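Novice: heads up, no residue letters with this:
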């Protein structure tokens, strides 16, 4: 059988965010931050927690320390305490988002290698995936703690794609956060977005290839549609590049 042309073959790998996408963990992060930072005098609420969504946890603690300096553990030490607490909460009361296992199965059923690319630390990712029995589905786990920049910088997704051995334009990203959608598109990847309730108005979601209210809504037909649109975009880009090259040669444009 002739192998499909690399431009038209569609996706060859899929990359999942974790917090808020696979796990209903946003509320657990809020609980841990309010509990621990609040005890140090930071007047934090769930709305305040949302303003730092997508940051590394030590960036979060430094942010609040700059606004409300406290006596006691420094921001980096406090970040460790918060992660410890979030792991405890995931194990004791965490739940998967509706459709999480369904979305993983959809991708696995197509033979795509899967990765998790998250802003969370490795120890939290491993603990969460292990607790819910999801670890075996993912050949690659990549944390933005290895990167110089977190989302919306595309580094975490590009590194995950490299480790999967997949070209970025043939990767499908699943995200729940505006910063994650921006990171996926900056990496030239297709993206299915599942905004948290009340966040769907954010302009970043307009860049996603498909926006749904739940992972459970995505079926084979929707996946085919996203794949076809992504393949068409790749073909169009290749065509434009070829036409530009031909015009350059015909017109004697200097290199």
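Specialist: That came in fine, so what should we check first? Just so it is clear, the model here is predicted, and its values are computed rather than measured.
Novice: Buried residues of stretch 41-50, list them for me.
Specialist: Across stretch 41-50, burial judged by 16 or more other CB atoms under 10 Å covers 42, 44, 48, 49. (C-beta placed from N, C-alpha, C; glycine too.)
Novice: Could you single out the nearest of these to residue 215?
Specialist: residue 49 (22.9 Å; CB to CB).
Novice: where do the strands sit along the stretch 1-150 of the chain?
Specialist: 13-16, 114-118, 140-143 (DSSP state E, counting those that start in this stretch).
Novice: Nearest to residue 135 among the buried residues of stretch 41-50?
Specialist: Residue 135 lies nearest to residue 49 out of the buried residues of stretch 41-50, by CB to CB, at 27.2 Å.
Novice: Surely that closest one touches residue 31?
Specialist: No - between residue 49 and residue 31 there is no contact under CB atoms under 8 Å: 9.2 Å.
Novice: what about the chain, any weak spots by pLDDT?
Specialist: 1-9, 237-255 (pLDDT under 70).
Novice: ok, 80 please
Specialist: Where the chain drops to pLDDT under 80, the residues are 1-9, 54, 233-255.
Novice: Domain map for this protein?
Specialist: 13-24+96-232, 26-93 (automatic domain parsing).
Novice: From the chain's centroid, how far away is the first one?
Specialist: Looking back up the chat, that one is domain 13-24+96-232. Per CA atoms, centre = their mean, to the nearest Å, the displacement of domain 13-24+96-232 from the mean C-alpha position of its chain is 5 Å.
Novice: Same check on the last one?
Specialist: Between the mean C-alpha point of domain 26-93 and the mean C-alpha point of its chain there is a distance of 21 Å (CA atoms, centre = their mean).
Novice: Looking at the buried residues of stretch 41-50, which are in helices?
Specialist: Cross-referencing those against helices under DSSP state H gives 48, 49.
Novice: What is the nearest of the buried residues of stretch 41-50 to residue 125?
Specialist: Nearest to residue 125, judged by CB to CB, of the buried residues of stretch 41-50 is residue 49 at 19.9 Å.
Novice: Neighbours of residue 207, how many?
Specialist: Residue 207 has 15 neighbours, counted by other CB atoms under 10 Å.
Novice: Quick check: which element contains the residue nearest to it when sequence neighbours are not counted?
Specialist: Nearest residue to residue 207, sequence neighbours excluded (CB to CB, 6 or more residues apart in numbering): residue 185, at 4.9 Å. If you go by DSSP states H and E, residue 185 is part of helix 178-186.
Novice: so what strands line up beside the helix or strand just after that helix?
Specialist: The helix or strand immediately downstream of helix 178-186 is strand 190-193, counting by DSSP H and E. With DSSP bridges as the test, strand 190-193 is paired with strand 171-175 (parallel), strand 210-211 (parallel).
Novice: most neighbours per residue, which of the domains of the chain?
Specialist: Most buried of the domains of the chain by mean neighbour count (mean count of other CB atoms under 10 Å) is domain 13-24+96-232; its value is a mean of 20.
Novice: Can you measure across it, start residue to end residue?
Specialist: 17 Å (CA to CA, to the nearest Å).
Novice: what does stretch 130-148 give?
Specialist: 27 Å.
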